[in-house]
Structure formats: C-alpha cells, structure tokens
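Enquirer: No sequence on hand, only this structure:
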Ligand SMILES: O=C(O)/C=C/c1cccc(O)c1
C-alpha cells in the first residue's frame, strides 16, 4: 500500500461514544493526536449506562473531567436483592469513600456524561472529531500503518493511522475487520428498559434493587433527583408501563410522570476471542457485552481505554516495546470475563436461570442470598486484581500486585489534592521509607519518580496499605496498578528481569500538560512528595 503522508494520523478512533472520547482525552494528555470518526452527527440523546464505580471515576479524573462528572453524579448506597414481594433479602452497601477516592457507586445520565466528554474534547488541540461519517474499510499490510477508509457525502476518503481503536460498539466494523468472533458466555434474554422522570412519590432507596422473582424479574434504581429506571424481562404478553411500575408508586402518586425512554434490548454475555490484530484494537462493546445487572458495562469499556492508552502512548511517543501492547488483551480480557460472569450470576439469581427447571426456581428465592459466590462478589469491589503477566508480577498469594494503589487526598505544592494529580503519567516507586539509592537509580532508569509516602500529607492510608501488603515499596504503573513489590525487609523488586525489558524506551518522555506537570514541578521545588529528579535528558518525569 502506498501511504499518503498528508492523510496520516497517529491514532484513528472509530466511535465517539464515552469509550472512544475518553481514549482520545487520555491520549491527548500524553501528547498523542487522534482523529475520531463517528457515524452520528450528535451525542446519542437517550440514556443507556447509568452507573460507574470509584475506579472509573478515577479514570474520568485522569481524563480531565472529574469535576464536571462530580456535578452530574449521584452517589448510590449500593445494591439490594429483593424477593417477589419486594422484601429485602440482602443488602450490599457501598461507601462514599471508596479505595479510589470516590463513592463506590455513582449514578448518572449517559447523555450528560457524553456532552461533558465532548466539551472536553473540544478543548484539546490534539483531538479532532469528524462526525456524520461511516467507516467502510480497515486494512493492514505488514508493519506499515493501518489504512482506514471513511465515507461522507463527498465519497470515500482514505487515512493512514499508526493505530486504530475500534470503539464502534457491538455491531461495529472493527471486530470483523480483525477477524475476531464472539465467545458466548451463555446469557441471552429480552428485557425492556424504562426511564422515567417524575416528581411523584416513588418507593425507592438511593441504590439499585434487583427483584429475584423467576416469574417477574426486575431491576429498579434511582438515577437522579427526579429520574428512575426500571428493567423488566419481557414476558409473553407485554404489559403497559404503568401496570409494570405500579408496585413502586406510593399512594400519593398523582399520575405525573414522563417516560424518557422505553426500549427493548437483548441482554447478552459475550467476549471477543481476540482484541488486537497488529495495530488495530477493540475496546468497549466491540470487545465485550454484558447483561447490566452489576452496572459494569460502561465501566469495562473505560477500563479498556485506560489500560491501553498509556501503553500505546509509550510505544508511539517514546519508542516503547511493541510487546507492551500484547498486555492490553492479556490483562483486560480475563478481567472483563470475570465481571461479565458476575453479571450473569446475578441475572441467574434474579431469573432462575435460563432453563425452565421448576425445581431450580422453587428453591431460588430463599437460596439467592446464600449463593456464596454471588453474595461475596456483589458485596465487594467489583473489579478484581489483574491476573499475572509481564507487568503484573504475582508470586505467592494475592497481595498488592495487580491491584490499584489507593487514592487519598495529599498535600502537594502547598495545596490539598488527590494523589494522582501528584503522580502524573509516569511510573512511580512508592516507598514506606526514604527511597534507598538503589531504588532511586532504578526509578531514573524507568523515567519514573521515587516517592516516600511520608511527607505526602495523607491520612496514613498509603503507609497502612503498604504495611497490610507486607511491602516496603511498590512499583506503580501509570494507571496505578502495582507491577511488583519490594517485600517487607527486602531490598529489591524481584521481577525486574520480566518487566524491565518491556518498559525500555528509546526516546525520552514528552512533557505532559496540565494539571499534573504543574504539580510535579511544584513538588520538585517544594519537596512535599520528595520526588526524585528524572534522568538527565528527560524533560519531565511524566511519560
Ligand atoms: O453494585 C452496585 O453498587 C451497583 C449495581 C448496579 C448499578 C447499575 C445497574 C445495575 O443493574 C446494578
């Protein structure tokens, strides 16, 4: 293929939904230019996703929209399992102060999220959005750039991209283009989803209710001040909305409600068998589909974006090792599969399974709260640690490796801020003591910074976390996942031989822009984090 350099872009993103736009924002902060191609002219106006967890709020913070999102988010109390008569069988509380520094569950309106993401996109010169266009071809030829052809009113236009992110949903072109097929995780049901706006009395709590009734399984949740969602499995005869939601309406109900949306969906559980071919990647619903019963559909897509973008930026901007890109699929696919299986287990508890076995159904209501896997999972963090791999040096036991470091408030440059604002985009070696010279030297080699948790001015969270994990130090990736630890009483990271070659780069990192770069500079001057200077020749510690 002859490459037209004038039509060459570092990264083409197909799809301007929340996953595509978040990926563009995350790449922009690392100085990577993106072109987003989107079929629709404007933001999709109807609500779909409604929940995020605290890990995903942290991702939105890094993407630069944390405060805007806070203004539209409503913390939720958690999840309850109800029986057919709406009696509470189990309640899984979520706290407002999760590990990542945010409420463990937040409700929101997807069109509002998409609008604020688009506004952020417009503020970044690295991002361009071309809407109302259709991608009609994706071709790769050896190691060269990927040829993407899109169509608009003027005809077909070729582009060449160093990488393509397929954020084009379940029915997009990218999955077929890389020859991926669905792995079926065995759940398929037709449900109706009803979004209502009302000021009338609705019997609700600040959270999600799952009605475990094999005859009439349902989900109900409060999304906003006057916004509610119901989901009902479609029966043989579809009943009118008012009749379906009547059990939730209080006696003072005066008929005032607006149906914002009523849509029928087939809930499916699927994972694409491959997420990458060369420099073409699948993210979000293009890579995985889940029933919504644990509120993790969009979360999984945003985790994809966060996991991939720092690696891609390292490869494209710093000459990072191409093998780094293999870890996107090897880390994200098992994680997505685990969460989908949880959602399927929840669906099974609600509906009595996919078959008609009467015996199963009879025992279900009482048993729902005693399914250990389900209740344990529903009650804890829905995001498991990453499985072992080159960038996750899990040895014996579970420990800290593969988990995220917590995000407390700290003091940096004389002001209170969240930890990630200080850490920026680089690798970090976080130590329980003053970093010994050996670790400082290692940090320099990685273009990382070495920080002692003492002096960060947090509330002791970080020191306690290291102690609980029997670690004197941890190596944090740019996405705050622990790659390796120095065990308590030890002197060095033990997996260096595995991850160090993968983290080698041939070029210095490029400086990042606000807000992290500014804070980093303040910290080097003001010492609150005792940052170690980056290696000579590196313009900033940010990768
Ligand atoms: O477990 C939680 O805190 C939330 C679960 C959830 C969120 C949104 C929709 C659902 O069906 C479940």
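Expert: Great, that's in hand. From a predicted model like this one, the values you see are computed outputs, not experimental measurements.
Enquirer: beta partners for residue 189?
Expert: Taking DSSP bridges, one obtains residue 267 as the residues bridged to residue 189.
Enquirer: which residues sit in contact with it?
Expert: Applying CB atoms under 8 Å, 6 or more residues apart in numbering, we find residue 189 in contact with 233, 234, 266, 267, 291, 347, 351, 354. Any C-beta I mention is one placed from the backbone N, CA and C, and that applies to glycine too.
Enquirer: For burial, what's the neighbour tally of the second one?
Expert: Residues near residue 234, counting by other CB atoms under 10 Å, number 14.
Enquirer: ok, and the closest non-adjacent residue to it?
Expert: Distances taken as CB to CB, 6 or more residues apart in numbering place residue 190 nearest to residue 234, at 4.3 Å, with adjacent residues excluded.
Enquirer: what about residue 176, distance to the ligand?
Expert: For residue 176, the distance to the ligand equals 30 Å [CB to the nearest ligand atom, to the nearest Å].
Enquirer: Same question for residue 76.
Expert: From residue 76 over to the ligand (counting by CB to the nearest ligand atom), the distance is 6 Å.
Enquirer: isn't that residue right up against residue 221?
Expert: Yes. In terms of CB atoms under 8 Å, residue 76 counts as a neighbour of residue 221; the distance is 7.4 Å.
Enquirer: joint contacts of those two?
Expert: Joint contacts of residue 76 and residue 221 (CB under 8 Å, 6+ apart) are 51, 107, 207, 208.
Enquirer: how about JSON lines for those, with pLDDT and secondary structure added?
Expert: Formatted as JSON lines, these follow (pLDDT from 0 to 100; DSSP: H, G, I helix; E, B strand; the rest coil):
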{"residue": "51", "pLDDT": "96", "secondary structure": "strand"}
{"residue": "107", "pLDDT": "97", "secondary structure": "strand"}
{"residue": "207", "pLDDT": "93", "secondary structure": "coil"}
{"residue": "208", "pLDDT": "96", "secondary structure": "strand"}
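Enquirer: Most neighbours among those, please name it.
Expert: residue 208 (28 neighbours).
Enquirer: Count the neighbours of the nearest residue to residue 448 once chain neighbours are set aside for me.
Expert: Nearest in space to residue 448, with sequence neighbours left out and distances taken as CB to CB, 6+ apart, is residue 427 at 3.6 Å. Each residue near residue 427 was counted by other CB under 10 Å, and the total is 23.
Enquirer: Just list the residues touching residue 427, thanks.
Expert: Counting by CB under 8 Å, 6+ apart, residue 427 touches 443, 446, 447, 448, 449, 475, 476, 477, 478, 483, 503, 543.
Enquirer: Mind picking the one among those that's closest to residue 325?
Expert: residue 503 (13.1 Å; CB to CB).
Enquirer: And the residue nearest to that closest one when sequence neighbours are not counted, how far from residue 239?
Expert: Distances taken as CB to CB, 6+ apart place residue 446 nearest to residue 503, at 5.8 Å, with adjacent residues excluded. Distance, residue 446 to residue 239, using CB to CB, to the nearest Å: 60 Å.
Enquirer: returning to what we had before: could the contacts of residue 427 be laid out in CSV, adding secondary structure and distance to residue 298?
Expert: Converted to CSV, the contacts of residue 427 look like this (DSSP: H, G, I helix; E, B strand; the rest coil; distance: CB to CB, whole Å):
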residue, secondary structure, distance to residue 298
443, helix, 35
446, helix, 32
447, coil, 32
448, coil, 31
449, strand, 32
475, strand, 29
476, strand, 25
477, coil, 23
478, coil, 22
483, strand, 26
503, coil, 30
543, coil, 27
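Enquirer: With pLDDT as extra columns, can I get those residues in a markdown table?
Expert: What follows is the contacts of residue 427, written out as a markdown table (pLDDT from 0 to 100):
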| residue | pLDDT |
| --- | --- |
| 443 | 91 |
| 446 | 87 |
| 447 | 87 |
| 448 | 91 |
| 449 | 91 |
| 475 | 96 |
| 476 | 97 |
| 477 | 97 |
| 478 | 97 |
| 483 | 96 |
| 503 | 93 |
| 543 | 29 |
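Enquirer: the domain parsing of the protein - what is it?
Expert: Taking automatic domain parsing as the criterion, the chain consists of the domains 5-74+106-183+274-342, 409-505.
Enquirer: Great, nothing more from me.
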